[in-house]
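> Sequence and predicted structure, then a few things I'm wondering about:
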Amino acid sequence: MNIILFGPPGAGKGTQAKLLQDKYSIPHLSTGNIFRSAIKNKTPLGVKVKSILDSGQLVPDETVVDLVADELTKDKYKDGYILDGFPRTVPQAEAFDAFLEKNNDALDAFILLSVPEEELIKRILSRGEDRSDDTEEKVKTRLQVYRDETEPVKNYYDQQGKVQEIDGLGSIEEIFERITSALSVHKTV
Ligand code: AMP
């Protein structure tokens with residue numbers, strides 16, 4: 001079962017991905033977490049992307065696509081995965097499709113978590129994750145980047161008839177229940 005969990009910053013993707021990981025026993029892959037951990041450990045990747053994450057802009061497609069393709073070939077992803085934060089541009093989505101095709105694999109579900117913008121800002125500013133990009137100014141940049149570069153990814157998967165839109169307002173449990181019932185239509189779950 002290969003799932004994309006999609007939505008703007010603050011929609012709850014990370015929280016829900018962790019719950020899905022436990023329920024379906026398939027790993028959660030967050031590109032943002034990989035970048036943050038690389039920055040913390042001052043690896044060459046971390047040094048390269050630090051100023052980009054700090055600014056709220058996107059890491060170049062090629063870097064992200066290579067990273068994800070490398071990561072997904074690890075054994076732990078062989079029974080499926082939950083992608084959180086990838087793909088974030090149409091070229092990334094196209095590259096991911098090519099990757100799936102090359103590996104004789106397919107995407108099972110594309111879950112879009114919908115949350116109004118005022119609520120996103122409120123959530124991010126109060127989540128206390130100590131992220132350098134969680135300030136009011138950076139959040140505005142990230143939301144703008146989402147609208148300009150990431151939202152078109154939804155249209156890309158719409159054309160494939162894959163988008164399942166979930167109301168992202170409510171308690172964590174309520175939202176989780178909506179996601180799992182949306183996923184239950186897929187035979188592989
Ligand atoms: P996130 O934790 O998903 O909010 O990601 C934090 C930051 O990591 C983003 O603001 C980007 O700078 C970078 N990032 C994460 N995933 C991607 C991606 N798929 N493409 C480009 N940049 C990314």
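That came through, no problem. Quick caveat, the model's predicted, so the values are computed rather than measured. Numbers count the residues shown, from 1 in each chain.

> and the gap between the residue of the chain at minimum distance from the ligand and residue 39?
For the chain, the residue closest to the ligand is residue 32, as judged by CB to the nearest ligand atom, at 2.0 Å. Where you see a C-beta, it was placed from the backbone N, CA and C, and this is true even at glycine. Here the criterion is CB to CB, to the nearest Å. By it, residue 32 lies 11 Å from residue 39.

> all helices for the protein, in order.
13-24, 31-40, 44-55, 61-72, 90-102, 117-126, 136-145, 151-158, 172-183 (DSSP state H).

> as a whole number, average confidence for the fifth one?
In other words, helix 90-102. For helix 90-102, mean pLDDT rounds to 98.

> again, but for the second one
Helix 31-40 shows a mean pLDDT of 97.

> Tell me which residues are up against that helix.
14, 45-46, 49-50, 53, 59, 64, 67-68, 71, 84-86, 88, 131 (CB atoms under 8 Å, 6 or more residues apart in numbering).

> Near the ligand, list only the ones from those residues.
Near the ligand, judged by CB under 6 Å from any ligand atom, the entries from the contacts of helix 31-40 are 53, 59, 64, 85-86, 88.

> Show me which residues of the chain sit near the ligand.
9, 31-32, 35, 52-53, 56-59, 64, 85-86, 88, 92, 133, 142.

> Just the buried ones among those, please.
Buried members of the residues of the chain next to the ligand, counted by 16 or more other CB atoms under 10 Å: 9, 31-32, 35, 53, 56-59, 64, 85-86, 88, 92, 133, 142.

> what two of those are the furthest from one another?
Using CB to CB, these span at most 19.1 Å, a distance reached by 92 and 133.
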